[in-house]
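Student: okay, sequence plus prediction incoming.
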Amino acid sequence: MGDFLVWVVWFVAAGACLGSGIAVVTMNNPFYSALSLIGNLASLAVLYLLLSAEFLAAAQVLVYAGAVMVMFLFVIAYLGGRADAPWAGGSPLLRGAAVVAAAALLVEIVVVLGLAWGDELNGSAEIADSFGSPAEIGRLFLTDHLLAFEITSIVLLIAAVGGVVLGATREKGGATP
Amino acid sequence: MVFGAWLCLLAPLGGALAITLAGRFISRRIAGYVSTLTTFLAFGGAAIAFLALWGRDPEEREHVSTAYTWLAAGDFEVGLEILVDPLSVVMMLVVSGVGGLIVWYSMGYMAGDDEERRYFAYMSLFVFSMLLLVQAGNFLLLLVGWGLVGLASYLLIGFWHHRPEAVAAAKKAFVMNAIGDATFALAAVLLIWETGVLDFASVFEEAEGLSPTTVNLVALGLLGGAVAKSAQVPLHTWLPDAMEGPTPVSALIHAATMVTAGVYLLVRAHPIFEAAPDIQALAAILGAITLLLAGLVALVQWDIKRVIAYSTMSQIGYMFLGAGIGAYGFAIFHLFTHAFFKALLFLAAGVVIHHLANEQDMRRMGGLRAELPRTHLAFLVGTVALVGLPPFAGFWSKDAILASALADGSALGWTLFVAGLLGTLLTGLYAFRLYLTVFHGERGEAAAAHGHGEGPLSMLVPVGVLAVGSTIGGLLSVPGVWNPFTHWVEETGEALVEPSTGEEYLVSAIAVGLGLVGFLLARRAFQQGRQLVIQPDAWRWLEHKLYFDELYDTLFFRPAVALSNALRRNVEEPVIEGSLGELGAGTIQAGDGLARAQTGLLRTYALAIAFAVCVLIVVFVAVR
Amino acid sequence: MSGPGVGWYLIVAALLFGVGALGVMLRRSPLIVLLSLEIMLNAANLTLVAFARQHGNLDGQIFALAVMAVAAAEVAIGLGLIVAMARRDMPLDVDQASALRG
C-alpha cells in the first residue's frame, strides 16, 4: 500500500513536472510561462522529497519559487506588452538542427545511462533518517565543503553588484552598456 | 728546388693579395710595380727550380711536394701537391718570364687608367692561376687552376666593364670555357670512380689497366676541356671576341699562356691519351681543322687584334696536331717559341694602337713605318717568326711538327702533313697582309694621338726582349745538331714519332717555300690595292667566321632563351608568384569563411554547444 | 528505497533537460530563453539529488544547493540585462541582438 502510494505520487509529480516544462517552452505569453515554471519547481520539490532531500525541497520552494520566480514576475510586469514572446523565426535549418540536437542529447543520455549503469540503477544505498536534513547539510557546508560555500557567497555578491550596475542610470549621459 | 717552385707559385698570389688589400692606399704605379716584381720573382723561383732540376740525373727529375692533405673522403685523398719535373719547369719559366715582360709592358700601356690597381691585381691572380695549373701534381688541383684562369680571363676581358661588348665577350668566354670545365670535371670524376686516385703518378700507372670505354671517356673529357680552353674548333668562337680586353691581356692570356693550357694538358696526360689512341687522333684532327679554318678567316679580318687572335688559334692548332700524333717535345717547343713571337706581335700591335689613340681598324692604318720605326722592326720580326722563315723561332718549331706528321707515315699522318703545309701558306698570306697593311703604303686616316711616340721604356723594353727571343729562341732545337729542349721535355713523355734529319730538312724547305709564296702573293695583292679574297660568297662566309656564331646562336642560345621565357611565363609567374598572391588571397578567403561561424546569434551558439556536448558524451563513453 | 528506482528519476531529468534545451534553442524572446535555462538547471539538480540518494552521499545535495545559488545569481543578471535592453528601447529579440556578428 505504501509503495503503491509512492508510485502514484511519483507519477503525478513527474507528469506535472514534464507537463509544466513543456508549457514553459511552448507558451506565447511570458506570464503564463513563468507561472508554469513555478508549477515545475513545485513538482520538482515533491520529487526531492521522495528522494529524501528535505532541506533541498524546502530551499527549492523558498528560494527558487519564492524569490527567483517573483523576480521574474516583477520584470515581466515591468515590461508589460513588450515582453510578448512570439515563437521563433529564423532559418528552418536552425530549427531543425535544434530539434535534432536536443533529441540526440536525450537519446544519448538515456542510452549511456542504460548501458553504463543499467544494473546498478536498481539498487540504492541504505540511508539514515538524518539523510538530507538541514543539520546534515549545514554540517557539511561548514566542514567538508566550506570552500564551495564561501565561493558561492562571493558569486552572489558579484551578482548583486552586477545587478546594481546594470540597473543604474545617470542623470547626465547614459550608462555605457 | 722545392723552395723555388713554391716561391714561383706563391709570389704572384702574394702580389695579388697585397694589391687587393692595399686598395687605395697605394698608388697605381706602385700596384704596377708590385705586380711586375712579384711576377719576376716567380720567374726567379722557376729559374731556381730549373737549375736545381738540371743538376740532377735524368732519372731523378720528378719531384712531388705536398703542402698538406687537402681533401680526404674515406679512402680517397687529394693533397695540395705540386709537381716539379722537366715539363712543368719549362711551363713555369714561360709563364713567369713572358708574363713578367707583359705585366711590365702593362705599366706603360695601362698608365692613366682609373682602375689600374684592379688590373694589376687581376694580372697577378692570372699568373698565379696559370702557375698553379702547370705545377699541379694531381688532376683536382689542375682543375682548380683551370677554373681560376678562366675566372681571371673573364675578369680581364671584361675589364672595361662599362663597355657592353666587353661584358658580353667576357660572358661568352666564360660560358664556353665552362663547357670544357664540365667535361674535364666529368673525366676527373670518372677517374675517381674507376681508380680512386687523382695524382698524376698513380693515374698514369693505372691508365693501362682501365677498360677502353673508361679511358676513352676520360680522354674525351680532358680533350673537351683542352679544346674549350685553347679555342679549338668547335669551342673556338670566344677567342676573337676576347680581344675586347686590353692588349696586354690579349698577349698574355690569349696568346702566350692560357690558351696553351690545353696543349699542356694533352702532353701532361699523354699516358691516358696513348691508351685512347682514337681520342689522341681526334685531337690532332681538330688541331688540323682549326689551323685551316682560322687561317682562312684571318684572311679577311679588319681588326688588327682579331687577325692576331685567329693566328693564335691557328698556331695552337699546330700544337694540338703535334700533341695528337705524339710529338710531345715539338709541340711544347712550338708552344715556347709561339709564346715569344705571338706576345711580341700583340705587344707591338699594342704600341700601334696606343699610338693611334685606340684605333684598331687596319683600314685606317698604313705607312706607319716612318712614325714607329722600332715597333715596325719588332713587328716584322714577329711576322717572320710566325710565318716560319729561318733563322727565326717559328721556323724550327713549326717545321718540326710537320716533319713528325710526315714521319708518322699513316694515312692520318699524311693528311695532317698536307693540312699543315696548307696552313703554312695561309699563315704567310695573312701575316704579311697584316704587316703590309699596317706599316706600308700610304698613311692612313687614323690620327696619331697627340704625339705619343713609340711609348715609354716600360713598353719598349719588353718588346725588345721578346724580339730577341723570337729571333734566337728557336735555336734550342736544331735538327741533327742538338735538341736540348725536346730531350728535356721528353723525359716526361717519350715522343711517339721521331722524324729523321733528312725528313726535317726536306719539310723545312717545302714549308719555307710555301711561306715565301704566301709573302709574295700578299705583297702583290697589296701593291695592286686589292684584297686576298675576292670571290664575294667566299668573302662573306669568311667574314662571318663561317657562321659559327650564328649556328651556336640558333642551336643553343635561342632555345635556351625560349625555354627560359616559357618557364617564366608558364611556371614562375602563375605558379610561384601566383601562388604567393593566391596564398594571401586564400588566407583571407579562409578567414572570411571561418568568420561566418560568428553569426552573432545566440541561438546558433547554443546549438553549437548542444552538438558539442552530444559529441563529447560519445567520446567519454567510448574512452571509458 | 520504496517507489521507483533511481533510474526513473534520471529519465525524468533527461526529458526535462531536453525540453529545456529545445526551449533555449528555439525561442526568440530572451525571457523565455532564461526560463528554459532554468528548466535545464533544475533537471541537472534532479540528477544530482537522485545520485546522492543512490550512493547515500550528501555531496550531491550540496552541489545542488550551490547550483541553485548560482542559478539565482545568473537569473538576476539576466533579468537585469533584459531590463537594460528594454530601457534602451531595444527589441527584445534574441535574433536581433547580433552585434557580435563577425
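Tutor: Perfect, I can see it now.

Student: could you use CA atoms for every contact and neighbour count after this?
Tutor: Noted.

Student: now the stretch 1-150 of chain B against chain A: closest residue?
Tutor: The nearest approach of the stretch 1-150 of chain B to chain A comes at B:Gly74, 67.0 Å away (CA to the nearest CA).

Student: nearest residue to the middle of the chain?
Tutor: I'll assume chain A. With distances taken as CA atoms, centre = their mean, A:Leu41 lies nearest the centre of chain A, 6.5 Å away.

Student: switch to chain B, that's the one I care about
Tutor: Centre-nearest of chain B using CA atoms, centre = their mean is B:Val259, 2.9 Å out.

Student: contacting residues for the closest residue to that residue other than its chain neighbours?
Tutor: Spatial nearest neighbour of B:Val259, chain neighbours left out: B:Ser230 (4.1 Å); criterion: CA to CA, 6 or more residues apart in numbering or on different chains. By CA atoms under 8 Å, 6 or more residues apart in numbering or on different chains, the contact list for B:Ser230 reads B:236, B:258-263, B:313, B:316.

Student: go with 6 Å
Tutor: Residues near B:Ser230 by CA atoms under 6 Å, 6 or more residues apart in numbering or on different chains: B:259-260, B:262.

Student: any chance of those in JSON lines, plus distance to B:Ala431, pLDDT and secondary structure?
Tutor: JSON lines is the format used below for these (distance: CA to CA, whole Å; pLDDT from 0 to 100; DSSP: H, G, I helix; E, B strand; the rest coil):
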{"residue": "B:Val259", "distance to B:Ala431": "20", "pLDDT": "82", "secondary structure": "helix"}
{"residue": "B:Thr260", "distance to B:Ala431": "20", "pLDDT": "83", "secondary structure": "helix"}
{"residue": "B:Gly262", "distance to B:Ala431": "24", "pLDDT": "90", "secondary structure": "helix"}
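
Student: and the residue of the stretch 451-600 of chain B nearest chain C?
Tutor: For the stretch 451-600 of chain B, CA to the nearest CA, closest residue to chain C: B:Gly600, 3.8 Å.

Student: wasn't that residue part of a helix?
Tutor: No. Secondary structure of B:Gly600 (DSSP: H, G, I helix; E, B strand; the rest coil): coil, not part of a helix.

Student: would you mind measuring from it to C:Leu22?
Tutor: 19 Å (CA to CA, to the nearest Å).

Student: more neighbours: which of these two?
Tutor: Shown here are B:Gly600 and C:Leu22; by other CA atoms under 10 Å in any protein chain shown, C:Leu22 has more neighbours (27 against 18).

Student: so which strand or helix has the more buried one?
Tutor: Following DSSP states H and E, one finds C:Leu22 within helix C:6-26.

Student: ranges for the helices of the stretch 251-400 of chain B?
Tutor: B:261-268, B:270-275, B:277-298, B:304-325, B:328-355, B:373-387, B:393-408 (DSSP state H, counting those that start in this stretch).

Student: chain C: which of those helices is closest?
Tutor: Of all the helices of the stretch 251-400 of chain B, helix B:261-268 sits nearest to chain C, with 74.6 Å by CA to the nearest CA.

Student: without its sequence neighbours, what residue ends up closest to the residue of the stretch 101-250 of chain B found nearest chain C?
Tutor: Per CA to the nearest CA, the residue of the stretch 101-250 of chain B with the smallest distance to chain C is B:Lys171, at 59.0 Å. Excluding the flanking residues, the one nearest B:Lys171 by CA to CA, 6+ apart is B:Tyr154, at 6.9 Å.

Student: so that neighbour: helix, strand or coil?
Tutor: Here B:Tyr154 is recorded as helix under three-state DSSP.

Student: pLDDT score for it?
Tutor: On pLDDT, B:Tyr154 comes in at 92.

Student: tell me, how many residues neighbour it?
Tutor: By other CA under 10 Å, the residues close to B:Tyr154 number 23.

Student: ditto for the one 4 residues further on
Tutor: Burial of B:Gly158, expressed as a neighbour count using other CA under 10 Å, amounts to 24.

Student: before we move on, what about B:Thr554?
Tutor: B:Thr554 has 12 neighbours, counted by other CA under 10 Å.

Student: from the middle of its chain, how far away would stretch B:430-442 be?
Tutor: Centroid separation between stretch B:430-442 and its chain, computed with CA atoms, centre = their mean, to the nearest Å, is 27 Å.

Student: same deal with stretch B:498-515?
Tutor: Centre-to-centre, stretch B:498-515 and its host chain are 30 Å apart (CA atoms, centre = their mean).

Student: now do the contacts for B:Ala378.
Tutor: B:Ala467.

Student: can you do 7 Å?
Tutor: Taking CA atoms under 7 Å, 6 or more residues apart in numbering or on different chains, we find B:Ala378 in contact with B:348, B:467.

Student: just the pLDDT at it, thanks.
Tutor: 89.

Student: quick check: it vs B:Gly388, distance?
Tutor: Using CA to CA, we find B:Ala378 at a distance of 15 Å from B:Gly388.

Student: would you confirm that C:Val19 contacts A:Ser20?
Tutor: No. In this structure C:Val19 lies outside contact range of A:Ser20 using CA atoms under 7 Å: 10.4 Å.

Student: how about stretch A:27-40: buried residues?
Tutor: By neighbour count on 16 or more other CA atoms under 10 Å in any protein chain shown, the buried set for stretch A:27-40 is A:27-31, A:33-40.
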